[in-house]
Structures are given as structure tokens and as C-alpha cells.
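Q: Here's my sequence, what's the structure:
(2 chains)
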Amino acid sequence: MSTKITLRFILLRVAGIAFIVFLLEASFRMGVWEPFAKPDSNAGMSIRIKQAVNAIGPEKIDFVTVGDSRAVYGIDHERVAALAKSNGLNHINASIPGMHWMSTELMVRWLKAHAPNLKGAIIATNITNFNYTGNGYYELGIATPLATLGDASWMALHVPFEQKNLATYGSYSALFQYRDDVADLVKHPFQRLGQLRQHHQAYTGGVALYQTQKINSNICSVAKLSIKPCAAEPASAINSTVVAQCKSLVGQVANQLDYREFDNAAKWPHLVALKKVRQSQLRSLGLSKPPLVVLMPVPRVWRDEILPKGAEDFALSILRPLAAQGVIELLDYTRFFDAPEGAECNAFWDLYHQNTDGQQKLTDALLPIIQRKLYAHLNVVQH
Amino acid sequence: MLFNSWHFVFFLILVLVIGSFLRRDSAAWKIFVIAASCYFYGQWSYLYLGLIFVTAAIDFTLAQRLSQARYPGRLLGLSIVANLGVLAFFKYTNFLIQSANGVAQATGVVWAITPLDIVLPVGISFYTFQNMSYTIDVYRGQLAPRKSILDYALFTTFFPQLLAGPIVRAAEFFGQLDHPARIDLRKIQYALILIAAGYVKKIVLADNLAISVDAVFLAPANASAWQALLAVYAFAFQIYFDFSGYTDIAIGLALLLGLEFPKNFNYPYLATSFQDFWRRWHMTLSRWLRDYLYISLGGNRHGLARTMASLMTTMILGGLWHGASWNFVVWGALHGAYLVLERLVMSKIHWWQSQWLPIVWLRWFVVFHMICFAWIFFRAPDFAASLQIIHKIAGVFTTSFDGIDFGALTSLLLGLIAMHLLMSHFDIKQRLSRAGIWPFSFFVAAMILLLIWFTPAKTVPFIYFQF
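A: As a prediction, this is how the structure comes out:
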């Protein structure tokens, strides 16, 4: 048999295999797996928001809040939604724990594509989110259900491809992105069934878009809010979460970087590049109203001991020029709980997230501004 | 270069494409495949590639002279000494030193030899046995010495089976070089099916099982009784999927290059006797041990006692062939004892051989569990760990289920046994090799999906590469 026939035989089969794999990839991209995805996984949380948006009708959405877990816990989304409603507007919360700049962009793009009346957004971020390009490959999970084929390069920019790390293949393939989800389903099929049923009962009709997370505990039981002494404290039922967080951060304290010369391209080329990427991203959001960029409160210990020195100034150096040009509205609440003494420990339930008290205080401060900057002067028809 | 690496995938595509164009010129094709094999092995060590050529040159030269030699036995002896000498030096020197040191310490002698800094050449146990089979076959007159050194170099270095077999006999290999099989499209399809299934066996099944197995065998003290028991079952399947997966890939690769290799596994865990097991497990090694060791030791021609002794010796040496440690000796000795015991039982208790289904199942149950018991010594890092695992397992009679993923792992193991049973009844791979483009494409696409979804984060080298 000739080489030509053999090659044709092999090529036909390779084409057959490729066709089936691409068909599956396309169907995963189109959301065939979404009804089965684990509701509390990274992908599951994005899917939950997509489903909720579709349930209420995307055309009814006027404003959105996007952000990570600090935004999830730090803002009373029910009060924001109520204020919007009193203005005849619909403001949803699409914050997801772990959401960073890559998934923020994709969430806004997805909403713009599906919600024709979307006018503006609150981007609830914080100074720690400006130091790194991405938030690790697990953010791909949040991003994939929102992404299209054209987003691959945006995703790869934030989660660089590593040949030996299959999780990073998720930038290019939805089949790879759902690896853990599929494996988990195979390992615990009945558990998944229960989770899906429970989720379906709890989140019908878009409830997830207006919910507020409330945690009442605080971190005042930790004697000193400084990483090393905190890590050395004996863990008790009250402070165990914070002590564990302190222990995990000890290494970072020892290796604290110095970003004070963040504009020096020779010394910090990645910071200079990052600044350009973030500014360009915020410039190109394309919302009819400038987004409200809220810098969420960050406990002092982060600024003093963990984050690179100058990290706060670096974040502001990105945002202030945009605010001056009217591209964004900047609300800096980074130091919101610094004073008076004792305010800080009473406002957080761990080293990252505000408790109900902190959430209410911040929301009190935010609501009038939201009203003034986003909702006022909008000639809207009551939905 | 690992079979389960992108480097190898690119290498293979290149070899197949260039090889297909050189196919008509036999010499050029052979030189090309030898060069590719050298590159393949050289990625691990070019120095030890030299060792392969030195041993091959010795065997090739001695075999040439065997037929005219006045004392051919001496030349054969020289070949065996050369091969076993190289194997012994690299594989057993430190084992002997450490054993001697242990004996000295136990007897209170103040004496210790520092172990040598020796790196074990990958695949040495396999290519040494393959070379020896060639000279022994020539000595026995079963094979004419090969005239072409190119053919012999190809036989020794052929990359699909260089690292971990199957142990191909020279006659099987040269016969196909002399009479190349027609390129058969079904064979190509079969080869691709074998390769795809082999990767799934290795990466999806074996490497995932390895996670649970390693957790227990590396820290037996932390495992519960049920976890220890399940880890032993899991290892039984891990090693099967690891090695048979490798073999499937090797056979598939050889087939794509136009050579048919013998089968190495035939659903070993369906065996209902130990003899049956060794006819199904690592068949090419079993065949080698039978033809060149067991029969040479007298086989079953000199009465029961001699047969038992031959069996025990063969199995102990077979165990030692796997690795230089007392654990492998115990593993081999256990299998030797099983075979001896089986012969005794079969000669005294006739109902044990009954084909009545409940008896067949009972035999299967006993055989499977005794094989699993022997695997403990094969997998455990040392003798103390083996005993610790056995001690742990003894606790299953007094403790309740407590493993976290007990249900998942149990279902998996039952699924594996069921799959074993089904696959043996419906030879799916053979059927698919005759199927049209779509069934074939669906099968391979399914294998690719399994690889995408279930490849664990950590790459595990093939277990038999260490032998």
C-alpha cells in the first residue's frame, strides 16, 4: 500500500478525532456543562450569576457591582439595590470571591453584550489587586463561563500558559477549564446532585443578584494586629481564622518588597506594564457613565507589613489620572477604618473581609455618592 | 524522555513521518530508527547509551563465532557472564554491600563498606535479558547468528521497547525484518487504539490510583486499617494499568513502525490459579524465565522435588530481577511458594480444580487476594513498612469503615474488576480496529477527553522504568 493511501487514512482519522474534540469544545463554550457545574466552584459562581441574570431578564439591568470577596462582604447589596429601585433602576451585584481584573473585564463585557440597558458599574476593588497581573489560574474558572473565543489572549495575559500546568490550558480551552469540575462530579455524583437541587431551590428568580452576606464576628480578640505577634498567638475558637491567616502571611512579611520607585521602568518593568494594562482596561470599558471605582477598606497591617511599600501610591497612580480625566469616578476608602482607635478591629471578621458593622458603615458612606454619581439625572422609566 | 511527555509526542510524529518516507530503503530506514532510538535513550544518558552498544557488540561478536567454535559453551558462558556482570554491577553491587554491612552489624563485626555512587541505567534489565536470549537461542541452534550488525543494533536499541519491554525474542524481531509485513490500515488503526488506551491506562487510571497508594505506603503509620487494605487493592490495579499501559503504547508504536510485538498482558486479575496468573501477567518475562531459567534448571522433568526447587529458584530470581532489595526477593519467593503450594493442592485436593462456578469464583478470590498480599512487598519501600501495612490491614476485622473517600475508591475498584471482566469478553480494541472512521474517532476522542479531564497534576514515571 502506498504512503499516500496510508497518510490519507491517518489524516482522515485525525480529522475525525479533531472534529469531535472541537465539537465538544464548542459545546462547552456554549454552556452545555453549565447546568451540571458545581454551584460553589469558581465557575459555578459565574454560572449562578449568568443564570440569575437570564432569570430576571438581562434587559432590565441598569447597573452592576463587580468585585472580589471584599466587595461581596463589604457592601450591603440589598440596600444598594433598594436605592436603585427607589430611582426606578435595577442594580445587581455580580461580585464573586476571587474576581480580579481579568474576570472583572469579562463580567462587564458579558453584561454589556447581554444587557442592552446597562449604564454603569461599581468596580469594588482594593489596593492589593493592583500588584499582580492575575489572581492565579483559579480565576480562569470564574472567567471561562463569561469568555468567548476572542478573549483567549486577554485571559492568557493574566494567566500565562505553562506547559506543565494543565490548569493554565484553561485560557484556551473550556474542556480543560472544567477539568476539576468533571473530576469532582465523577468522584461525588450524588453529592453534586444534592448541591444542584439545593442551589436550584435557593436561587430561582435571580435572588443571588441582590443578596448581602452578613457576618457579625470581629477580630478584636487578636491582641495585636501585627502579623508576627498574631501568628504566635495561641489559636482559640474565636481567633483561629485570623491566627491561621497571620501564619500564612509570615513569609510575605519577611520578603516585603519596595515599590516606591514604581515608575522606574528599569527597576520595575512589570509595574510599568501593569499600569498601562489597567489604565487601558478602564478606559475601554465603554459604559455610558464613568464607572465608580471603589477602593475597599484594607486593614493597616496589610499596608504596613505585607503589601510592597508604596503599593497604595502605585494603585492611586493608576486611578487618579483616570479620575482627573473623567474616565472613572474614584472613591478611596482604603483607610476608612484607620481611625478612631478600635474602629478597625470592629469592622472586619478576618484580615480580609468586613463584617456587618463595617459593611453598614461603608454602605452608609457610599449610598449618597452612588445616588449622586450614578442614579441622579437619569430620566428612567419605572420597570 | 518519558512516553507521557510532549517532547516524546513531537519526537514520535517526526519519526513516523520521516520513517514512512524512508520505508522503501530498508538500510536507510534501519539507520534512521537506530539514530532515533539513540536520541530517545540519549535524552536520559548518552554515556549509558554506550553501555548498550558495548554489550550488544559483545553478544553480536560471540554469536557470530558460536557456530564455528570448538567449545561453544564457553562462548555462551562468556556472553552470560558479560551480560549478567554488567547487570550485577549496576543493579546489585550496592545491594550486596548493604546486605554485607547489615550482616556485619548484626553479628557485631566492626566493618562497613561505603556503597558506590552508581546510577542504574534505565532499561538495563530488559535489554540484558533480550541480548542473552539471542546468544542462548544461537547456542541452542534455534536461531542463525545475524550477519547484519545494523539489524542487531536495531534489535537492541529499538526505542518502543528499550526501556521496559516487552522482552522480544530475537527470532521474532529478525523474522519481521526479513519479511516485513504489508502496511495494513487495520493494523495502523489498531496501533492508534492501543496507544490511546495505553495513555489512558497510565495517566488516567494508574497515576490517579498512585495518589491514594502513595499516601498510605509512604506513611503507613498514618493510615487506618481500611485505608491500608484499599491501598493494596489500588496498587494491584495501579501497577497493572501502569505497566500494561506502557506495553500497549510500546506495542502500538512498534506496530506503527511495522513490527508486531508479542502480547504482554491478558487480563491477569481474572486468573483462577497462580500458573494462570503468570500466563497472563508480564507474559514475555514469564516466557523468558520459563525458557531460559526454569527449563535450564530442570523444569518438571526430574520429579516433584526438583520441580518445586526449580519453581522457587526461578521465582526468587524473577523477583530479584525486578529490583535489588529483599522486598523483591520476598515477593518472588511468595509467588514461588504459591506455585509450589498450588501444585501440591492440585495433586491432593481434586475438587479444587472443579469447573463448577462457585469453586471457580472461590479460586479467583483466593488467587486475587494472595497476589494482592504479595504486592505489599513489591510496593512497600522496605521490609518494615511491608509488615506495618500487614499489621494495619489485620485491623479491618476489628474496626469499622473510616476512610474519607471509601465509597468512591470501593466503587472505583469494583468498576475496575467489572471493566476487566467486560474487556476480556468483548475484545473492544480488536473490534474497533475493524470499525469505520466514526466509531474509531469517537473512541479516540473519548480517550482524549479522559486525558484532559483526569490527568493528575503530578506526572508519575512508569513503575517498570526503575527496573
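Q: what sits against the residue positioned nearest the centre of chain B?
A: A centroid search over chain B (CA atoms, centre = their mean) returns residue B:282, at 5.2 Å, as the residue closest to the centre. Counting by CB atoms under 8 Å, 6 or more residues apart in numbering or on different chains, residue B:282 makes contact with B:165, B:243, B:264, B:265. Every residue, glycine included, has its C-beta placed from N, CA and C.
Q: List just the nearest of these to residue A:55.
A: residue B:243 (52.2 Å; CB to CB).
Q: The helix or strand containing that closest one - contacts with which helices or strands?
A: Residue B:243 belongs to helix B:225-256 when elements are defined using DSSP states H and E. In terms of contacts (3 or more CB pairs under 8 Å, 6 or more residues apart in numbering or on different chains; DSSP states H and E), helix B:225-256 is packed against helix B:159-162, helix B:185-199, helix B:207-217, helix B:357-379, helix B:383-394, helix B:406-425.
Q: same question for that helix, mean pLDDT?
A: Averaged over helix B:225-256, pLDDT sits at 91.
Q: next one: stretch B:110-122
A: Mean predicted confidence for stretch B:110-122 is 80.
Q: Now do the buried residues in it.
A: Going by neighbour count (16 or more other CB atoms under 10 Å in any protein chain shown), the buried part of stretch B:110-122 is B:120, B:121, B:122.
Q: Now the first one: closest residue in space that isn't a chain neighbour?
A: Leaving aside its sequence neighbours, residue B:120 sits nearest to residue B:90 (CB to CB, 6 or more residues apart in numbering or on different chains; 5.5 Å).
Q: Could you find the closest non-adjacent residue to the residue in chain B positioned nearest to chain A?
A: Of all residues in chain B, residue B:441 sits closest to chain A, at 3.3 Å by CB to the nearest CB. Among residues not flanking residue B:441 along the chain, residue A:16 sits closest, at 3.3 Å (CB to CB, 6+ apart).
Q: tell me which element the one you found falls in.
A: Judged by DSSP H and E, residue A:16 forms part of helix A:3-29.
Q: Quick check: next helix or strand after that helix?
A: Taking DSSP H and E, what comes next after helix A:3-29 is helix A:42-56.
Q: Can you name the element that comes right after that next one?
A: strand A:63-67.
Q: Paired strands for that next one, with orientation please.
A: strand A:91-93 (parallel), strand A:120-125 (parallel) (DSSP bridges).
Q: can you pull the contacts of residue B:274?
A: Residue B:274 neighbours (CB under 8 Å, 6+ apart): B:335, B:338, B:339, B:342, B:367, B:370, B:371.
Q: Mind doing that once more with 7 Å?
A: B:335, B:338, B:339, B:342, B:367 (CB atoms under 7 Å, 6 or more residues apart in numbering or on different chains).
Q: try residue A:28
A: By CB under 7 Å, 6+ apart, the contact set of residue A:28 is A:174, A:175, A:178.
Q: In strands only, show me the residues you listed.
A: Here DSSP state E is the test, and those give no hits in strands at all.
Q: Looking at these, which one is closest to chain B?
A: For the contacts of residue A:28, the nearest to chain B is residue A:175 (5.2 Å; CB to the nearest CB).
Q: Count the neighbours of that closest one for me.
A: Residues lying near residue A:175 (other CB atoms under 10 Å in any protein chain shown) number 22.
Q: any idea how far residue A:192 is from it?
A: 19 Å (CB to CB, to the nearest Å).
Q: again, but for residue A:114
A: Counting by CB to CB, the gap from residue A:114 to residue A:192 is 27 Å.
Q: Compare neighbour counts for these two and give me the winner.
A: Neighbours per residue, other CB under 10 Å: of residue A:114 and residue A:192, the larger number sits with residue A:192, 18 against 14.
Q: What residues of the helix holding residue A:16 count as buried?
A: A:6, A:9, A:10, A:13, A:16, A:17, A:20, A:21, A:24, A:25, A:28, A:29.
Q: Stretch B:127-147 too?
A: Quick answer for stretch B:127-147 (16+ other CB under 10 Å): B:127-139, B:143, B:145-146.
Q: Strands along chain B, start to end?
A: Using DSSP E, strands in chain B do not occur.
Q: lowest-confidence helix or strand of it?
A: helix B:406-425 (a mean of 71; mean pLDDT, DSSP states H and E).
Q: which residues are contacting it?
A: A:187, A:188, B:212, B:226, B:230, B:233, B:234, B:237, B:267, B:269, B:270, B:403.
Q: And for the fourth one, the neighbour number?
A: Which is residue B:226. Based on other CB under 10 Å, the number of other residues close to residue B:226 is 20.
Q: ok, now residue A:63?
A: Using other CB under 10 Å, residue A:63 has 29 neighbouring residues.
Q: Next, the contact list for the residue nearest to it when sequence neighbours are not counted, please.
A: What sits nearest to residue A:63 in space, not counting adjacent residues and going by CB to CB, 6+ apart, is residue A:91, at 4.0 Å. Neighbouring residues of residue A:91 by CB under 7 Å, 6+ apart: A:62, A:63, A:80, A:81, A:84.
Q: what residues does chain B put near chain A?
A: Chain B comes close to chain A at residues B:6, B:20-21, B:182-183, B:185, B:188, B:408, B:437-438, B:440-442, B:444-445, B:448-449, B:452-455, as judged by CB under 7 Å from any CB of the partner chain.
Q: quick one: residue B:77 from residue B:129, how far?
A: In terms of CB to CB, residue B:77 sits 17 Å off from residue B:129.
Q: that older thread, the contacts of residue A:91: which two are farthest apart?
A: So, the contacts of residue A:91 by CB to CB: farthest apart are A:62 and A:80, at 11.8 Å.
Q: So, low pLDDT: which residues of the stretch 251-400 of chain B?
A: The stretch 251-400 of chain B contains residues with pLDDT under 70 at B:399-400.
Q: what do you get for the stretch 201-350 of chain A?
A: By pLDDT under 70, the stretch 201-350 of chain A has no low-scoring segment.
Q: Could you count how many residues lie near the residue of the stretch 251-383 of chain A at minimum distance from chain B?
A: Across the stretch 251-383 of chain A, the shortest distance to chain B (CB to the nearest CB) belongs to residue A:251, at 22.1 Å. Here the number of neighbours of residue A:251 (other CB under 10 Å) works out to 9.
Q: And for the one 10 residues further on?
A: Per other CB under 10 Å, the neighbour tally for residue A:261 reads 12.
Q: So it sits against residue A:267, correct?
A: Yes. The pair residue A:261 and residue A:267 passes the contact test of CB atoms under 7 Å, sitting 5.4 Å apart.
Q: by how many degrees do the helix or strand harbouring residue A:190 and helix A:42-56 diverge?
A: Using DSSP H and E, the element containing residue A:190 is helix A:189-202. Helix A:189-202 runs at 30 degrees relative to helix A:42-56, counting by axes from the mean of the first three to the mean of the last three CA atoms, to 10 degrees.
Q: ok, residues contacting the helix or strand just after helix A:189-202?
A: Counting by DSSP H and E, the next helix or strand C-terminal to helix A:189-202 is helix A:227-232. With contacts defined as CB under 7 Å, 6+ apart, helix A:227-232 is touched by A:222-224, A:242-243, A:246-247, A:249-250, A:253, A:301, A:305-306.
Q: Find the closest residue to chain B in chain A.
A: residue A:16 (3.3 Å).
Q: what sits against that residue?
A: B:437, B:438, B:441.
Q: Sweet, I'm off.
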